[in-house]
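Asks: Coordinates only, no sequence provided:
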């Protein structure tokens, strides 16, 4: 009888390394793959900084695959990553929004592109080292359940996966804590056992988002403009809207005698609105580009817990459909820094209901 074949996306980190080992132990026919997504002109920088898409990841993953005695390949996804992640990231900032590139990468590169290529070579599943669990509900639909460790749970960044993608994905580390995964890695002698987690955005290793956008946008970067109050009173000049995000306090370069925060970005006028900390709080958001997991569609309204950024703990709210691809989310209490471009992900207990992209009301 042929074994079930699974392609494991190996980033060179401890999580995907242990995922490959766990699946092999469970009897799967495991193939290791690292996705080549770095761009040629940045190879030196990425090699020095590492990260999930750095060149050093290939060497680490190759050594792990050799130790596990599984086939290993590097697949080129540079064009898919450039189009769906890097170009998207720059375009969103130019619109005055703050995107989450990991969500786009997961949906369109790590799943859509990798899954297609894996199925083309005869795989039954792909697998990753994400801290999340896939379950099939009594209604037949697949959804995500939060991982065993709330501190590392990654369901927020995975809410946009399709039913087909979920049905052909395995996430073996979701039942473990990070400490347990590192302990397993140490016990089986993996060289990645103590490798630190990658931080920040992999294709901007110097963390200079505005500089990256200036290079990518090629002359399309909005000019400097005015800091203003909500009613339009000019407070001073800013460096350009791509330097700012909702809720930001540091790095504004303006002194007004009391703490001020970015409360709104107006790309149509190149204005950045400043206000008090209280002004950063809101109780309503609108979202589009919806994807539902545990239910086919939202009918009427539903009480859920919504996360509005990756490290947000979530807050109770009522979500109501207002159009074919639009919902309004009314929080029971105000939440801080509702940011256009980020995702709003809705949970029913530990299950992902779905989510969408926050847009300006």
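Replies: Alright, I've got the coordinates. Note that the coordinates shown come from a computational prediction; the quantities given were computed from them, not determined experimentally. Residues are numbered from 1 along each chain as shown.
Asks: Please count neighbours and contacts with C-alpha atoms only from this point.
Replies: Fine.
Asks: in this structure, which spans are helices?
Replies: 14-25, 43-49, 55-68, 78-81, 87-94, 101-105, 114-120, 163-167, 178-187, 209-217 (DSSP state H).
Asks: now, of the ones you listed, which is deepest in the fold?
Replies: A comparison of the helices of the chain by mean neighbour count, using mean count of other Cα atoms under 10 Å, puts helix 14-25 on top with a mean of 23.
Asks: just the strands in the stretch 151-300 of the chain please.
Replies: Secondary structure of the stretch 151-300 of the chain, counting by DSSP state E, counting those that start in this stretch: strands at 169-170, 225-228, 234-238, 261-266, 271-275, 281-292.
Asks: Verify the contact between residue 57 and residue 12 for me.
Replies: Yes - the pair formed by residue 57 and residue 12 meets the contact definition of Cα atoms under 8 Å, at 4.4 Å.
Asks: what residues do these two have in common as contacts?
Replies: With contacts taken as Cα atoms under 8 Å, 6 or more residues apart in numbering, residue 57 and residue 12 have residue 34 as neighbours in common.
Asks: Might you report the residue contacts of residue 81?
Replies: Residues touching residue 81, when contacts are defined by Cα under 8 Å, 6+ apart, comprise 37, 105, 109.
Asks: looking at it, the second one is touching residue 83, isn't it?
Replies: No - in this structure, residue 105 sits apart from residue 83 without contact. The criterion is Cα under 8 Å, and the distance is 10.1 Å.
Asks: Grab the nearest non-local neighbour of residue 29.
Replies: Excluding its sequence neighbours, the residue lying closest to residue 29 (Cα to Cα, 6 or more residues apart in numbering) is residue 5, at 4.6 Å.
Asks: Could you give the number of residues near that neighbour?
Replies: A count of nearby residues for residue 5, using other Cα atoms under 10 Å, gives 19.
Asks: do the same with residue 74
Replies: 15.
Asks: ok, back up a step: which of the strands of the stretch 151-300 of the chain sits closest to residue 249?
Replies: The minimum distance between residue 249 and the strands of the stretch 151-300 of the chain falls on strand 261-266, with 4.7 Å, by Cα to Cα.
Asks: got the angle between that closest one and strand 271-275?
Replies: Using axes from the mean of the first three to the mean of the last three Cα atoms, to 10 degrees, the direction of strand 261-266 lies 150 degrees away from that of strand 271-275.
Asks: quick one, what contacts residue 355?
Replies: Neighbouring residues of residue 355 by Cα under 8 Å, 6+ apart: 159, 160, 290, 291, 292, 343, 344, 345, 346.
Asks: and the closest residue to the fifth one other than its chain neighbours, how far is that from residue 110?
Replies: What it means is residue 292. Here the nearest residue to residue 292 in space, its sequence neighbours aside, is residue 354; by Cα to Cα, 6+ apart that works out to 4.0 Å. When distances are taken as Cα to Cα, to the nearest Å, residue 354 and residue 110 turn out to be 19 Å apart.
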